[in-house]
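Q: Mind looking at a prediction? Sequence and model below.
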Amino acid sequence: MRELTCDEIEQVSGGFGLLGVGLGIVTGVGSTYFGGGNVGQVLGAGILGGVAGFFGGIATSSYVPTFARVFFGASSAEVGIMGNHVGNSS
């Protein structure tokens with residue numbers, strides 16, 4: 001058994017996903033702002049979208065097929081948009 005190199009760890013984790021963070025924040029903030037959300041809702045949706053984008057960092061990895069990048073990128077955007085409903089009463 002050997003220790004993994006930094007490159008091997010990055011391949012498995014998908015990197016840091018800074019593009020995913022940006023995508024999640026933009027979609028979360030945009031959808032909530034244009035949906036008439038208040039400042040707290042906009043901030044919450046941006047944070048939720050950014051966190052989802054960060055942990056979906058495989059979306060920006062060059063080691064995965066295009067389908068996986070599209071799927072995880074869409075997932076980051078979707079969570080950001082769903083953040084629009086955080087704090088809304090039903």
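A: Looks like it arrived, so ask away.

Q: and residue 22, how many residues sit next to it?
A: Applying other C-beta atoms under 10 Å, we find 15 residues neighbouring residue 22. To be clear about C-beta, it is placed using only N, CA and C from the backbone, and glycine gets the same treatment.

Q: taking the mean pLDDT, what do you get for stretch 3-16?
A: Average pLDDT, stretch 3-16: 66.

Q: ok, which stretches of this protein are strands?
A: For the chain, no strands are identified by DSSP state E.

Q: can you give me the helices in it?
A: Assigned by DSSP state H, the helices in the chain fall at 6-13, 18-34, 39-55, 66-82.

Q: Report all helices and strands that the second one contacts.
A: By that I understand helix 18-34. Packing partners of helix 18-34 (3 or more C-beta pairs under 8 Å, 6 or more residues apart in numbering; DSSP states H and E): helix 39-55, helix 66-82.
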